[in-house]
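[1] how would this look folded up:
(chains A and B)
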Amino acid sequence: GAVVSQHPSWVICKSGTSVKIECRSLDFQATTMFWYRQFPKQSLMLMATSNEGSKATYEQGVEKDKFLINHASLTLSTLTVTSAHPEDSSFYICSARLTGTGAPWGQETQYFGPGTRLLVL
Amino acid sequence: ILNVEQSPQSLHVQEGDSTNFTCSFPSSNFYALHWYRWETAKSPEALFVMTLNGDEKKKGRISATLNTKEGYSYLYIKGSQPEDSATYLCASPDNDMRFGAGTRLTVKP
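    Coordinates of the predicted model:
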């Protein structure tokens, strides 16, 4: 099946530093990847949609200058949390949509990475 | 219902018990209902994509039903095993994929 990796799996950093998280589709090409954030006991919340070769689309309330997304190839999207602060501590998880299956919009399966736990001190 | 909601939040059952939990979703502008299984320290794994009212899908001991008119889906696990312990997520796309908070299932040996 389609495999998505995410690196690092966890990171601890000092306040004010920037952290880059990588999301890779290992055995398929993903023109679209998604970045989610999850707080304890809450739902996965979509932060942004990452499109290969174009600018990411950010959800309302998500600061694009704070959470930089780059989707430079068909297998890699990166999320950089710039000038991280303790309130950015969270679980970040990416997914990639398997396109080209012919399935209508909304019915395409998303394949997830294992997530990255970020702790900002 | 404006959001995707799941109940219960957590569930503890004994090995061999059958169990079920609920996902409620907005019934207007329905496209699909996705179920995922998420084991600790692993990636969420797709279980089912359900699209038609009255759909019933099955994978081994796990099955799911869908009622798009009233906006709910049930996930059933027959004869629960410890390896079924996981968080079960449902999601329904609107403009984007909206997830429930999940039902955390623990199966005790």
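[2] Please name the residues that touch the spatially closest residue to residue B:42 that is not a sequence neighbour.
    Excluding its sequence neighbours, the residue lying closest to residue B:42 (C-beta to C-beta, 6 or more residues apart in numbering or on different chains) is residue A:114, at 6.0 Å. Where C-beta positions appear, they are placed from N, C-alpha and C, glycine not excepted. Residues near residue A:114 by C-beta atoms under 8 Å, 6 or more residues apart in numbering or on different chains: A:5-6, A:9, A:93, B:41-43.
[3] From those, list just the buried residues.
    With neighbours counted using 16 or more other C-beta atoms under 10 Å in any protein chain shown, those contain these buried positions: A:6, A:93, B:43.
[4] so which one among these has the lowest pLDDT?
    Among the buried ones among the contacts of residue A:114, residue B:43 carries the weakest pLDDT, at 94.
[5] and it, how far is that from chain A?
    Separation of residue B:43 from chain A (C-beta to the nearest C-beta, to the nearest Å): 4 Å.
[6] before we move on, back to that, out of the buried ones among the contacts of residue A:114, the closest to residue B:75 would be?
    Nearest to residue B:75, judged by C-beta to C-beta, of those is residue B:43 at 18.7 Å.
[7] Quickly note the distance from the closest one to residue B:53.
    Distance from residue B:43 to residue B:53, counting by C-beta to C-beta, to the nearest Å: 30 Å.
[8] Next up, identify which helix or strand the residue nearest in space to the middle of chain A is on.
    The residue lying closest to the centre of chain A (C-alpha atoms, centre = their mean) is residue A:35, at 2.9 Å. Mapping residue A:35 onto the secondary structure by DSSP states H and E places it in strand A:32-38.
[9] Can you name the next helix or strand after that strand?
    On the C-terminal side of strand A:32-38, the closest following helix or strand by DSSP H and E is strand A:45-51.
[10] The very next helix or strand once past that next one - contacts with which helices or strands?
    As assigned by DSSP H and E, the chain's next helix or strand after strand A:45-51 is strand A:57-58. The criterion is 3 or more C-beta pairs under 8 Å, 6 or more residues apart in numbering or on different chains; DSSP states H and E, and the helices and strands that strand A:57-58 contacts are strand A:45-51.
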